[in-house]
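# here is my input, please return the structure:
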Amino acid sequence: MSYDTEHVRNAGDSPGMITGVPTFTELLDNSELAALYTAVRHEKTTTGPELIDTTSVSKKTVYDYLHKLEQAGLITTVGEDAGTTVYAAEEFELTLTIRETQVSITPELIEVIAHQNEHPAIDRVLKDYGIITFALAYDLVKAHSDGDVTIRQIAELTDLSPGTTYDLVEALYSILDLGDDTSPTTYTPTDFDEEDDLLEEFGGE
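Numbers count the residues shown, from 1 in each chain. Now for the predicted structure:
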């Protein structure tokens, strides 16, 4: 069945059941839950015992999180292996609009959030500036790795302090394996026609 309404758009196949909206929110605050979802996604298919061996949380927590993720529609049961349930992660994109600013929460963003306990800069930006600023910084850091923006410009566009910006860039480079060069001189600002062009490109006014 294909439909296209104000709130729901579907290309043809009926969507899976999504009942645990609070779990989507918890992925942003609970790095262990985010890490477990990410682990399932990376393995394509996996089981509870395998996750117990590869994660740092307790056996009970692993199964509690698997149940929570399955109830939310973020993972699904795809079979059994010697009587053990096999899980696979579902891809998703949760789009939020806040004060006319739209932000998309994706598995790639969740994967970075899963590392917030290891990298204080990630935790600091999420808690002090919120998910919109964090998502914008994530995109800009990837642009920085392509030589499109400098660290100074990332700080200006996100309103982060230079120190926090540099720490965040360093953390994301490590997590995303973007390379070792986090120098603020990867691109010359004068190569842009105007600063406003950069702001417009990344959704600024």
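# list the contacts of the residue nearest to T54 when sequence neighbours are not counted.
Among residues not flanking T54 along the chain, A39 sits closest, at 6.4 Å (Cβ to Cβ, 6 or more residues apart in numbering). For glycine as for every other residue, the C-beta is placed from the backbone atoms N, C-alpha and C. A39 makes contact with T46, L51, T54, T55, according to Cβ atoms under 8 Å, 6 or more residues apart in numbering.
# again, but for T85
Shown in contact with T85 (Cβ under 8 Å, 6+ apart): T47, G48, T77.
# L94 too?
Contacts of L94 by Cβ under 8 Å, 6+ apart are F24, S104, I105, T106.
# and the contacts of the helix or strand hosting E50?
Secondary structure from DSSP states H and E places E50 in helix 48-54. Here helix 48-54 makes contact (Cβ under 8 Å, 6+ apart) with L36, A39, V40, E43, K59, V62, Y63, L66, T84, T85, Y87.
# restricted to helices, list the residues you listed.
Secondary structure defined by DSSP state H assigns L36, A39, V40, E43, K59, V62, Y63, L66 of the contacts of helix 48-54 to helices.
# nearest to D146, of the residues you listed?
If you rank those by distance to D146 using Cβ to Cβ, A39 comes first, at 28.0 Å.
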